[in-house]
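Asker: Structure, please.
(chains A, B, C and D)
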There are 2 protein chains.
Amino acid sequence: MSSYYKEHEKFYVAVDIIIFGFDGERLNLLLIKRNFPPSKGKWSLMGGFLKNYESLDQAAERVLYTLTGLNNVFLEQLQAYGNIYRDPGERVISIAYYALIKIDDYDENLLEKHNAHWYPITDFPSLIFDHNNMVKRAIARLRRKAKTQPIGFEMLPAKITIPQLQKLYEAIYLKKFDKRNFRKKILSYNVLEKLDEKEKETSKKGAYYYYFNERKYSQLLENGYSFNVNI
Amino acid sequence: MSSYYKEHEKFYVAVDIIIFGFDGERLNLLLIKRNFPPSKGKWSLMGGFLKNYESLDQAAERVLYTLTGLNNVFLEQLQAYGNIYRDPGERVISIAYYALIKIDDYDENLLEKHNAHWYPITDFPSLIFDHNNMVKRAIARLRRKAKTQPIGFEMLPAKITIPQLQKLYEAIYLKKFDKRNFRKKILSYNVLEKLDEKEKETSKKGAYYYYFNERKYSQLLENGYSFNVNI
DNA sequence: GTATAAAGTGTTAAAAATACACTAATCATC
DNA sequence: GATGATTAGTGTATTTTTAACACTTTATAC
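Answerer: Purely as a prediction, here's the structure:
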């Protein structure tokens, strides 16, 4: 088209994705053991190069889809990483994204194909390049956001019990909360509707299921909320 | 060096900077009227292309220095913008940064050379490309950050009065605060040390100067704080 | 000496966060 | 069918934080 910029340099641009999932007990990261160079055999985030025909957000969606088979999940840009030697192979500007997924939704075959594994955020292998930094920042962002927006729900099915939800928040903040205060606070947002059904796998007594009301949740998201249970 | 990535496409990468300054009354943006194509004659953020020999952060510092002659100021990455047609000339990935500067510090000649002007955040000309979005996000970020970190101080000299500080916060949030509650809250952080000197230009009585204690400020930054005066 | 203009000061009420301990339901077992 | 074990579920009192609110002080200009 035009050539205003032709004296300037061009760069490889990639996206890397920090994928979070909750298994009922711990918050986990989806990592891949690279079976391709450079740094073959080492652990890293899932990533991919930006293509001409897609936006950054689309590239992130594509990369996430390639690994998990998932679409329409929570995916948000973290920030750009652009140190000169961050990739020892060649200079690459990487835009980091983080995703929140329901851990049972992914496509098993795709994960195997990419050599991907879940690791708890408290204990995962050291990653290539600046990926450790990316993860650190993503966790900080998730913790910050979970205080003001109910994004924790993105990692859970629509039907949940309150003890499950509390475990998720405890896994995010690596901290125990008082269950009376937690329940009080969560219910005060009026996004959960109690069902007659009980979940009976994790306890004999069984915990009531609550249904997660999308519409009220969207309202909360727009207006912002303040989740502050002893955090 | 290597050639792992040679099948991938390369892109122009630029940085654009949202520059905030406080004039004692209003929060302002430093904008430039482009005297070069494309979109010559239109208003935009100050920007520049990334070069091979610099990181993204360094590019942002260089661009800020080119326009203002300033170094060592608060400069933080906002996010990357990568829609395909965001720049109608050619595809450019832009990394937006925002800077907080002391409005009297800049180099007058440089500003003139670049055709730059200060505009209040409440009333500035429409900008090219996606720069309006960038500004919107930068203001939101500034408001969020100013609640949990005392970054407002970055736009003020080391010696300030409390009414000045309050005006800054009112300019950021476009909202009046109760001066008793404001003073109480600010002083409770113990980052301000009262001096014997008074500022007497804006009032007959004069307001005591306070000295801004860098060391205690750094501690606050690390531990996080909560600024919540009626916001 | 009086009018003016901004600085400075304290208390009370309301809301939110925090701390804390017992009962209820069900299953497994003896 | 009584008992023990395990997790769910509930209410109140205390402390802390936020919010609302009005008068006095100081210096200058006239």
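Asker: Now do the helix or strand containing residue A:138: distance to the chain's middle.
Answerer: Using DSSP states H and E, residue A:138 maps to helix A:131-148. With C-alpha atoms, centre = their mean, to the nearest Å as the basis, helix A:131-148 stands 9 Å off its chain's centre.
Asker: Who is residue A:80 paired with across the strands?
Answerer: On the basis of DSSP bridges, residue A:80 is bridged to residue A:95.
Asker: lowest-confidence helix or strand of chain A?
Answerer: Lowest on mean pLDDT, DSSP states H and E among the helices and strands of chain A sits helix A:214-223, with a mean of 71.
Asker: angle of the helix holding residue A:138 against helix B:131-148?
Answerer: Calculated by axes from the mean of the first three to the mean of the last three C-alpha atoms, to 10 degrees, helix A:131-148 forms an angle of 80 degrees with helix B:131-148.
Asker: Helix A:131-148 vs DNA strand C: in contact?
Answerer: No: Helix A:131-148 lies out of reach of DNA strand C by C-beta under 7 Å from any atom of the strand, never closer than 9.7 Å. (Glycine included, C-beta is placed from N, CA and C.)
Asker: can you pull the buried residues of that helix?
Answerer: By neighbour count with 16 or more other C-beta atoms under 10 Å in any protein chain shown, helix A:131-148 contains the buried residues A:131, A:134, A:135, A:137, A:138, A:139, A:141, A:142, A:145, A:146, A:147.
Asker: what's the answer for stretch A:104-119, then?
Answerer: Buried residues in stretch A:104-119, counted by 16+ other C-beta under 10 Å: A:106, A:111, A:114, A:116, A:117, A:118.
Asker: Tell me which of these has the lowest pLDDT.
Answerer: When those are compared by pLDDT, residue A:106 scores lowest at 77.
Asker: From chain B, how far off is that residue?
Answerer: 26 Å (C-beta to the nearest C-beta, to the nearest Å).
Asker: ok so, going back, CA-only coordinates of the helix holding residue A:138 in CSV, if you can.
Answerer: Output in CSV follows, covering the C-alpha atoms of helix A:131-148 (Å, rounded to 0.1, in the frame of the first residue of the first chain):
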residue,chain,number,x,y,z
HIS,A,131,8.5,-17.0,30.7
ASN,A,132,9.0,-17.2,34.5
ASN,A,133,8.6,-13.5,34.7
MET,A,134,5.4,-13.7,32.6
VAL,A,135,3.9,-16.3,34.9
LYS,A,136,4.8,-14.2,37.9
ARG,A,137,3.1,-11.2,36.5
ALA,A,138,0.1,-13.2,35.4
ILE,A,139,-0.4,-14.5,38.9
ALA,A,140,-0.2,-11.0,40.3
ARG,A,141,-2.7,-9.8,37.7
LEU,A,142,-5.1,-12.6,38.4
ARG,A,143,-4.9,-11.9,42.2
ARG,A,144,-5.5,-8.2,41.6
LYS,A,145,-8.4,-8.8,39.2
ALA,A,146,-10.1,-11.4,41.3
LYS,A,147,-10.4,-8.8,44.0
THR,A,148,-12.5,-6.4,41.9
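Asker: Against which helices or strands is that helix packed?
Answerer: Contacts defined by 3 or more C-beta pairs under 8 Å, 6 or more residues apart in numbering or on different chains; DSSP states H and E place helix A:131-148 against strand A:10-22, strand A:74-81, strand A:92-101, helix A:162-173.
Asker: tell me the SS of residue A:28?
Answerer: Following DSSP: H, G, I helix; E, B strand; the rest coil, residue A:28 is assigned to strand.
Asker: How about the contacts made by it?
Answerer: Contacts for residue A:28 (C-beta atoms under 8 Å, 6 or more residues apart in numbering or on different chains) come out as A:20, A:21, A:22, A:103, A:118, A:119, A:120, A:121.
Asker: Now which of those would you call buried?
Answerer: A:20, A:21, A:22, A:103, A:118, A:121.
Asker: The helix holding residue A:138 and DNA strand D, any residue contact?
Answerer: No: Helix A:131-148 is not in contact with DNA strand D by C-beta under 7 Å from any atom of the strand; minimum separation 13.7 Å.
Asker: could you give the mean pLDDT of that helix?
Answerer: The average pLDDT for helix A:131-148 rounds to 94.
Asker: relative to strand A:74-81, how tilted is that helix?
Answerer: Per the same axes, to 10 degrees, the angle that helix A:131-148 makes with strand A:74-81 is 130 degrees.
Asker: Next, the angle strand A:10-22 makes with helix A:131-148.
Answerer: Angle, helix A:131-148 to strand A:10-22, by the same axes, to 10 degrees: 50 degrees.
Asker: and whichever strand or helix holds residue A:209 with DNA strand C, contact?
Answerer: Per DSSP H and E, residue A:209 falls inside strand A:207-212. No: using C-beta under 7 Å from any atom of the strand, strand A:207-212 stays clear of DNA strand C, with a minimum separation of 10.5 Å.
Asker: ok, that strand: who's next to it in the sheet?
Answerer: Paired strands of strand A:207-212, with direction, are strand A:159-161 (antiparallel), strand A:192-199 (antiparallel) (DSSP bridges).
Asker: which stretches of chain A have low pLDDT?
Answerer: Along chain A, the model assigns pLDDT under 70 to residues A:1-3, A:220-231.
Asker: Let's see that with 80 instead.
Answerer: By pLDDT under 80, the low-scoring segments of chain A are A:1-4, A:6, A:37, A:106-107, A:110, A:148-150, A:214-231.
Asker: Please list the residues of it that sit near chain B.
Answerer: By the rule C-beta under 8 Å from any C-beta of the partner chain, the part of chain A lying against chain B is A:1-5, A:8-13, A:37-38, A:49-57, A:59, A:77, A:79-84, A:89-93, A:95.
Asker: Give me whichever of the strands paired with strand A:207-212 is most buried.
Answerer: Among those, ranked by average contacts under mean count of other C-beta atoms under 10 Å in any protein chain shown, first place goes to strand A:159-161 (a mean of 18).
Asker: Using the three-state scheme, assign residue A:41.
Answerer: The local conformation at residue A:41, judged by three-state DSSP, is coil.
Asker: ditto for residue A:38
Answerer: Under three-state DSSP, residue A:38 falls in the coil class.
Asker: unless I'm mixing things up, it is touching residue B:5, no?
Answerer: No: the pair residue A:38 / residue B:5 is not scored as a contact, 9.4 Å apart, by C-beta atoms under 8 Å.
Asker: Show me the domain layout of chain A.
Answerer: A:12-148, A:156-222 (automatic domain parsing).
Asker: Among these, show me which one is buried the most.
Answerer: Highest mean neighbour count of the domains of chain A: domain A:12-148, a mean of 18 (counted as mean count of other C-beta under 10 Å).
Asker: and the end-to-end length of that one?
Answerer: 35 Å (C-alpha to C-alpha, to the nearest Å).
Asker: gap between that domain and the chain center?
Answerer: 9 Å.
Asker: Could you pick out the residues of chain A near DNA strand D for me?
Answerer: Neighbours of DNA strand D within chain A, by C-beta under 7 Å from any atom of the strand: A:161-163, A:179-181, A:183-184, A:202-208.
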